[in-house]
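[1] build me a model from this:
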Amino acid sequence: MMKPGTLILHVAARFLVPLQMLFSIFLLLRGHDEPGGGFIAGLVASGALALYLFTFGAMMTRDLMRVDPRNLIGLGLVIAMLSTLPGWAQNEPFLTAQWWPMTLPGGTELKLSTPLIFDIGVYLTVLGTVMTMLVALTETEER
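    Residues are numbered from 1 along each chain as shown. Here you go, the predicted structure:
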């Protein structure tokens, strides 16, 4: 069994993990317009969960994730592939971006798009890949 981290690490992890996850979502959502996107956002989220993993162990991290990281890889690939279908439905070339502006209550405009759907797929794939490796390495060490 992994030796638990220090009290300072426990407190820091409980504070930093939610902040890192929020920052990863921020990077994901702004990625198709400015620097960021699914890949770097997935790495930031993986860093947050890695901190949690090294602080509390593999079992607690699996409980926090609530889904097997390998399933995230498959789900991410399916979502990324689904982002290609709206272009084909419009008789446009493969991976042609489609935009759907929506007005929210209060007059704020939200732009949903196929690049965002693709980035979400990349995000989940990167997160699942990194966490699969880290959890596997940590579980091997815990035995």
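
[2] could you list the low-pLDDT ranges of this protein?
    1-5, 32-33, 141-143 (pLDDT under 70).

[3] residue most distant from the centroid, it?
    Relative to the C-alpha centroid of the chain, counting by CA atoms, centre = their mean, residue 91 is the outermost residue, at 30.7 Å.

[4] would you say that one is within a helix?
    No: counting by DSSP: H, G, I helix; E, B strand; the rest coil, residue 91 is not part of a helix but coil.

[5] backbone dihedrals for it, please?
    phi 60, psi 40 (degrees, to the nearest 10).

[6] the longest helix belonging to the chain - contacts with which helices or strands?
    Assignment by DSSP state H gives helix 114-142 as the longest helix of the chain. Helix 114-142 makes packing contacts with helix 7-30, helix 38-56, helix 58-65, helix 69-82 when contacts are defined by 3 or more CB pairs under 8 Å, 6 or more residues apart in numbering; DSSP states H and E. Backbone N, C-alpha and C define where each C-beta goes, glycine included.
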